[in-house]
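[1] Below are the sequence and a predicted model; questions follow.
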Amino acid sequence: MLTIATGNKAVAAAVKEVRPDVIAAYPITPQTEIVEQIAEYVTSGELDSRYIPVESEHSAMAACIGASITGARTFTATSSHGLLYMHEMVNWAAGARLPIVMANVNRAIGPGWNVWAEHTDAFQERDTGWLQVYVSTVQEAYDTTLMAFRIAEHADVILPVMVNLDGFLLSHSMQSLDTLNAGDFVPPLHLPHAIDVLNPAGYGTLTGPDEHFRFRWEIEKSMRRSRKVIAETERDFAERFGRSYGVAEEYRYEDADVVVIAMGTLGKEAEVAVDLLRNEGVNAGSLRIRWLRPFPDFDLSGREVVVIDRDYSFGFGGVIAQSLMARQRVDLYSVIAGLGGQEVTYDDIAGFVRDRRPGTELWFGVNGDV
Amino acid sequence: MYEIRIHSRGGQGGVTAARLLALAAFRDGKYATACPFYGAERRGAPVVSYVRIDDRPIRVYSQIRNPDLVVVLDPSVMEVVDVLHGLKRGGKVLMNGTTTEKLHGVPAFAVDLTGIALREKLVIAGSPILNTPVLGALAKMGIISVDSAKKAIQEMFSDERNVRAAEAAFQELVI
């Protein structure tokens, strides 16, 4: 059905379509609309899920873990400080191999108290064993949430997936949304190590060094296999519903001499900058990274690269820029912009490309060298 | 692309007006986005909302710098905000009120949305509801069709007084 919705409502609608058994929720700006909308679905009877309103985000993830280990499909949503508060349990969910899906509405970390878009919250969970994907439109938020369940629950993956959308910029923006009848696109969940609640038994989870090491290797093997599962899921989604996104979305990329790389809504806005630059005779293109984990492989050799990070690793650099430099032999221009919802327009992005100085780092809007 | 900036105060329904307008444009078969700018606002503080309407998918998320149309739901914000800032050459202003005399040199139109809301008893928590009548005025200006304006209101609100208020604004706005 074709309608118009916010990013938050799109996520909620996708959750309704895959019908999780258990949803544990705690509200936080700018995510609250997701769990509110799901609560309405449950109250009105449109969604037959067990909805657990918990007293904190730590408990939200703990409740998801408890439900998921019985083989139940589970979902939660959070943002910023809520995500950090559940950090211990976020690690646990991946380590226990539980295919929980969580929406994270990207928001800066305080202080100063700030409710606007920044990717630092999710990046602080980057190395936990969760798959992470970043979306840029209301439709993509919906489609990706559907795909996230199938990828997480796939026998070759069995790892949790975090769907990230920019706070306010996407969570509260209204755009057109085509809701789907997903049919059997997301098959029933079969968790191979589910516990049997009807035959209770105790078992210790203390693991020695050798076992622990092997468990970590198993996570990485699944992470590597997930690339293929993501590709297959995208392919089947495209065949059934006619839309696909890729691990990174290319725009006028093929023949581009200079490529702008960004994530989320900035990655979309960059496409408009690319059009501006092309009109000026600059052979620009853009690449919007969608999957942060597993990190995509692409070949940037022979091109100039401008990376926009809506994040920062203090004492090191922009996380995307540094990740690309670790994988590619590129001399890139690293732009730090949009932290805490800082306004960044397509004109600004075109300016980053025009004034690029490969090998250096720019903090947009603040002057002076460190 | 047609870009609209809506000025109001927190609690007056400016954000909902933006969403209704986007929905109506969408029902007209256009692409539309409503991007409210959420500042550190509370009830009563000046707020802005943005609507973009185009024949092609919209990829812009940043704030509107040069609007084609400025809608002022609460004229008192003009004491603290320059509502004409960045208005495109040839751009227009739609004011809630009975006069446009404070707006010199730009094509400005006025309609008493507050009066219409009070007449229809569309009042929540002491504030007259302006977001549904303003759709009637926007339809009169040709931004959206009358049919889609009504459809959008009916999709979001079940109370028929909202449609009547929009119809009244359509009648009363003199172009």
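    Right, received. Where do you want to start? Everything quoted here is computed from the prediction, not taken from an experiment. Numbers count the residues shown, from 1 in each chain, chains lettered A, B, ... in the order given.

[2] Can you tell me which helices and strands the lengthiest helix in chain B packs against?
    Ranked by residue count and defined by DSSP state H, the top helix of chain B is helix B:14-27. Based on contacts counted as 3 or more C-beta pairs under 8 Å, 6 or more residues apart in numbering or on different chains; DSSP states H and E, the elements that helix B:14-27 packs against are strand A:2-6, strand A:174-178, strand B:2-9, strand B:31-37, strand B:46-54, helix B:133-140, helix B:146-156. C-beta here means a position set from N, CA and C on the backbone, and glycine is covered the same way.

[3] Give the pairing partners of the third one; include direction for each.
    Just to be clear, that refers to strand B:2-9. Strand B:2-9 sits in its sheet next to strand B:46-54 (antiparallel), strand B:69-72 (parallel), going by DSSP bridges.

[4] residues in contact with residue B:112?
    B:96-98, B:172 (C-beta atoms under 8 Å, 6 or more residues apart in numbering or on different chains).

[5] Repeat that for residue A:17.
    A:146, A:179-182.

[6] quick revisit: looking at the helices and strands packed on helix B:14-27, which is buried most?
    For those, the stretch with the most neighbours on average is helix B:133-140, a mean of 28; neighbours defined as mean count of other C-beta atoms under 10 Å in any protein chain shown.

[7] Check whether residue B:91 really touches residue B:68, as I assumed.
    Yes - between residue B:91 and residue B:68 there is a contact under C-beta atoms under 8 Å: 5.2 Å.

[8] Keeping just the C-alphas, turn stretch B:45-53 into PDB.
    Below are the C-alpha coordinates for stretch B:45-53, written out as PDB (Å, rounded to 0.1, in the frame of the first residue of the first chain):
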ATOM      1  CA  ALA B  45       8.700  28.800  21.200                       C
ATOM      2  CA  PRO B  46       9.100  29.800  17.500                       C
ATOM      3  CA  VAL B  47       9.500  26.700  15.300                       C
ATOM      4  CA  VAL B  48      10.000  26.100  11.500                       C
ATOM      5  CA  SER B  49       8.900  23.200   9.400                       C
ATOM      6  CA  TYR B  50       9.900  22.500   5.800                       C
ATOM      7  CA  VAL B  51       8.000  20.900   2.900                       C
ATOM      8  CA  ARG B  52       9.500  20.100  -0.500                       C
ATOM      9  CA  ILE B  53       7.300  19.100  -3.500                       C
END
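
[9] which intervals of chain B have sub-threshold pLDDT?
    Counting by pLDDT under 70, chain B contains low-confidence residues at B:40-42.

[10] List, one by one, the residues from it near chain A.
    Proximity of chain B to chain A (C-beta under 8 Å from any C-beta of the partner chain) is limited to residues B:18-19, B:22-23, B:26, B:31-36, B:38, B:58-63, B:65.

[11] can you list the residues of chain A near chain B?
    Proximity of chain A to chain B is confined to A:4, A:30, A:115-116, A:166, A:168-170, A:172-176, A:265-266, A:268-269, A:271-272, A:343-346 under the rule C-beta under 8 Å from any C-beta.

[12] redo that, cut-off 6 Å
    Residues of chain A found near chain B (C-beta under 6 Å from any C-beta of the partner chain) are A:4, A:168-169, A:173-176, A:265, A:268-269, A:271-272, A:343, A:345.

[13] out of those, which are buried?
    For the residues of chain A next to chain B, burial is judged from neighbour counts taken by 16 or more other C-beta atoms under 10 Å in any protein chain shown, and it is met by A:4, A:168-169, A:173-176, A:265, A:268-269, A:271-272, A:345.

[14] Between all of these, which two are at the greatest distance?
    Taking C-beta to C-beta, the two most distant members of those are A:4 and A:345; they sit 23.8 Å apart.

[15] and of the helices and strands packed on helix B:14-27, who's closest to residue A:313?
    Of all these, it is strand B:31-37 that lies closest to residue A:313, at 29.0 Å by C-beta to C-beta.

[16] Next, the angle strand A:174-178 makes with that closest one.
    Counting by axes from the mean of the first three to the mean of the last three C-alpha atoms, to 10 degrees, strand B:31-37 points 140 degrees away from the direction of strand A:174-178.

[17] now for strand B:31-37, which elements pack on it?
    helix B:14-27, strand B:46-54 (3 or more C-beta pairs under 6 Å, 6 or more residues apart in numbering or on different chains; DSSP states H and E).

[18] and for the shortest one, what are the contacting residues?
    Contacts of strand B:46-54 from elsewhere in the structure, counted by C-beta atoms under 6 Å, 6 or more residues apart in numbering or on different chains, are B:1-10, B:14-15, B:18, B:21-22, B:25, B:30-37, B:41, B:58, B:64, B:77, B:80-81.

[19] Run the angle between it and helix B:133-140 for me.
    With the same axes, to 10 degrees defining the directions, strand B:46-54 sits at 40 degrees from helix B:133-140.

[20] ok, of the buried ones among the residues of chain A next to chain B, which one's closest to residue B:73?
    Sorting those by distance to residue B:73 puts residue A:174 at the head of the list, at 18.0 Å, by C-beta to C-beta.

[21] how close does the closest one get to residue A:139?
    In this view, residue A:174 and residue A:139 are 12 Å apart by C-beta to C-beta, to the nearest Å.

[22] do the same with residue A:215
    Using C-beta to C-beta, one gets 37 Å for the distance from residue A:215 to residue A:139.

[23] Same question for residue A:123.
    In this view, residue A:123 and residue A:139 are 25 Å apart by C-beta to C-beta.

[24] Same check on residue A:258?
    28 Å.

[25] what's the answer for residue A:226, then?
    As judged by C-beta to C-beta, residue A:226 and residue A:139 stand 23 Å apart.

[26] Tell me which of those two has more neighbours.
    residue A:226 (23 against 20; other C-beta atoms under 10 Å in any protein chain shown).

[27] Read off the pLDDT value for that one.
    At residue A:226, the predicted lDDT confidence score is 98.

[28] List the contacts of it.
    The neighbours of residue A:226, taking C-beta under 6 Å, 6+ apart as the test, are A:131, A:157, A:294.

[29] Out of those residues, list just those in strands.
    Judged by DSSP state E, strands contain the following of these: residue A:131.

[30] Serialize the contacts of residue A:226 to CSV and add fields for pLDDT.
    Compiled in CSV, the contacts of residue A:226 are given as follows (pLDDT from 0 to 100):
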residue, pLDDT
A:131, 98
A:157, 98
A:294, 98
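
[31] Quick one: end-to-end distance for stretch A:42-60.
    17 Å (C-alpha to C-alpha, to the nearest Å).

[32] Not counting its own residues, what contacts it?
    For stretch A:42-60, with C-beta under 6 Å, 6+ apart as the criterion, the contacting residues are A:16, A:20, A:22-24, A:26, A:41, A:63, A:76, A:78, A:82, A:85-86, A:89.

[33] Mind checking which of those land in helices?
    Of the contacts of stretch A:42-60, the ones assigned to helices by DSSP H are A:16, A:41, A:63, A:82, A:85, A:89.

[34] Neighbours of the fifth one, how many?
    It refers to residue A:85. By the criterion of other C-beta under 10 Å, residue A:85 has 19 neighbours.

[35] Apart from its chain neighbours, what residue comes closest to residue A:27?
    When the adjacent residues along the chain are set aside, residue A:27 lies closest to residue A:35, with 5.8 Å between them (C-beta to C-beta, 6 or more residues apart in numbering or on different chains).

[36] Distance of that neighbour relative to residue A:26?
    Using C-beta to C-beta, residue A:35 is found at 7 Å from residue A:26.

[37] of the two, who's got more company?
    Of the pair residue A:35 and residue A:26, residue A:35 is the one with more neighbours under other C-beta under 10 Å, namely 27 against 24.

[38] where's the more buried one relative to residue A:4, distance?
    21 Å.

[39] Likewise for residue A:42?
    Using C-beta to C-beta, we find residue A:42 at a distance of 23 Å from residue A:4.
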